[in-house]
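Engineer: Give me a 3D structure for the following:
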Amino acid sequence: MKVKFVVKALLAGSAAIAITRLGNPAESASLGAAERLTAESDSGLAGISGKLRGPFFTYLTARPFHEKVNGRIGQYLIGFWPGERGRVTSKAYQNPSGFIEVTRDNQDTRISEHFRLRDFLTKGQVTTWPKYVVIREELVDKLELVIADLNARGVLVRQMTVMSGFRTPAYNGPGGDGRSGVSRHMYGDAADVFVDNDRNGRMDDLNSDGKVDHRDARVILESVERVERRHPALSGGVGVYKANSAHGPFAHVDVRGWRARWGLIG
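Structural biologist: Next up is the predicted model:
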């Protein structure tokens with residue numbers, strides 16, 4: 001009864017809801033650091049990121065994949081996955097099972113201690129509501145673990161900004177501009193992130209060398225390496241990127257299921 005009471009309070013306070021897993025729905029909610037509860041999960045990650053797992057999917061509207069018609073759900077343009085065109089056969093690139101509906105009212109819903117639903121929305125279509133997003137629970141777990149690891153090593157993280165989370169196939173495109181035509185961003189298990197405690201829109205000086213560059217993104221890479229060693233189920237890709245005229249340095253983090261490294265990692 002005590003747990004049920006806590007869950008009811010969480011839901012009333014817009015604590016986190018469901019995130020999708022490839023081919024399977026998974027549900028989660030999150031408490032603040034001072035109130036963390038633990039529970040068993042399919043992946044054996046009980047409690048590692050402060051999650052309380054349970055049947056919360058009904059508290060956000062989930063739309064099945066087949067409701068996408070001619071590349072849209074309602075007025076929201078999504079596009080087509082390579083698997084719909086018969087161009088991929090790997091299970092890792094199967095179509096998502098469905099979408100989370102994001103409205104003006106629920107966009108600030110917390111899906112973990114440090115992240116909100118809106119953090120993972122595709123850029124663009126600013127005035128179109130509702131919007132739709134795919135997010136894998138494991139990605140949010142991994143990002144929270146990276147934050148915990150950095151904090152434990154004296155690298156304070158109050159704000160980790162998601163520069164790019166889920167990308168609809170229409171937004172991602174078939175490739176070009178540095179994007180893969182089968183980008184993990186399209187499958188809800190990748191995020192481009194940087195630590196931005198002062199909220200100036202750029203990476204902070206994580207390695208305390210007096211400047212901000214790709215070496216600060218490597219600090220995130222080093223944390224991901226430690227997290228993956230402790231939790232192999234969260235293995236995936238990491239890319240380290242330098243700043244350009246459009247953005248500061250950042251790290252790509254994903255949970256594709258196999259190790260991949262690229263960019264300025266050396």
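Engineer: in stretch 240-258, what's buried?
Structural biologist: By 16 or more other C-beta atoms under 10 Å, the buried positions in stretch 240-258 come out as 240-241, 243, 247-257. Where you see a C-beta, it was placed from the backbone N, CA and C, and this is true even at glycine.
Engineer: Grab the two from those residues that are most spread out in space.
Structural biologist: Pairwise distances across the buried residues of stretch 240-258 peak at 29.7 Å for 243 and 257 (criterion: C-beta to C-beta).
Engineer: can you list the buried residues of stretch 240-258 in CSV and add pLDDT and distance to residue 119?
Structural biologist: Below are the buried residues of stretch 240-258 laid out as CSV (pLDDT from 0 to 100; distance: C-beta to C-beta, whole Å):
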residue, pLDDT, distance to residue 119
240, 98, 21
241, 98, 19
243, 97, 21
247, 95, 16
248, 97, 17
249, 98, 19
250, 98, 14
251, 98, 15
252, 98, 15
253, 98, 13
254, 98, 15
255, 97, 16
256, 96, 20
257, 96, 23
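Engineer: In TSV, list these along with secondary structure and distance to residue 215.
Structural biologist: Compiled in TSV, these are given as follows (DSSP: H, G, I helix; E, B strand; the rest coil; distance: C-beta to C-beta, whole Å):
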residue	secondary structure	distance to residue 215
240	strand	9
241	strand	12
243	coil	11
247	coil	16
248	coil	12
249	coil	8
250	strand	13
251	strand	11
252	strand	16
253	strand	17
254	strand	21
255	coil	24
256	coil	25
257	coil	28
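Engineer: Distance to residue 129 for these - can I get that in TSV?
Structural biologist: Shown next, in TSV, are the buried residues of stretch 240-258 (distance: C-beta to C-beta, whole Å):
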residue	distance to residue 129
240	35
241	31
243	33
247	26
248	30
249	33
250	28
251	31
252	28
253	28
254	28
255	28
256	30
257	33
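Engineer: gap between the two ends of stretch 96-105?
Structural biologist: 24 Å (C-alpha to C-alpha, to the nearest Å).
Engineer: same question for that stretch, mean pLDDT?
Structural biologist: In this model, stretch 96-105 has a mean pLDDT of 95.
Engineer: List the buried residues for that stretch?
Structural biologist: Neighbour-count burial for stretch 96-105 [16+ other C-beta under 10 Å]: 96, 98, 99, 100, 101, 102.
Engineer: just to revisit the earlier point, and the buried residues of stretch 240-258, which is closest to residue 182?
Structural biologist: For the buried residues of stretch 240-258, the residue nearest residue 182 by C-beta to C-beta is residue 256; the value is 10.4 Å.
Engineer: For the residue nearest to residue 213 when sequence neighbours are not counted, give me phi and psi.
Structural biologist: What sits nearest to residue 213 in space, not counting adjacent residues and going by C-beta to C-beta, 6 or more residues apart in numbering, is residue 249, at 5.8 Å. Residue 249 adopts backbone torsions of phi -60, psi 150, taken as degrees, to the nearest 10.
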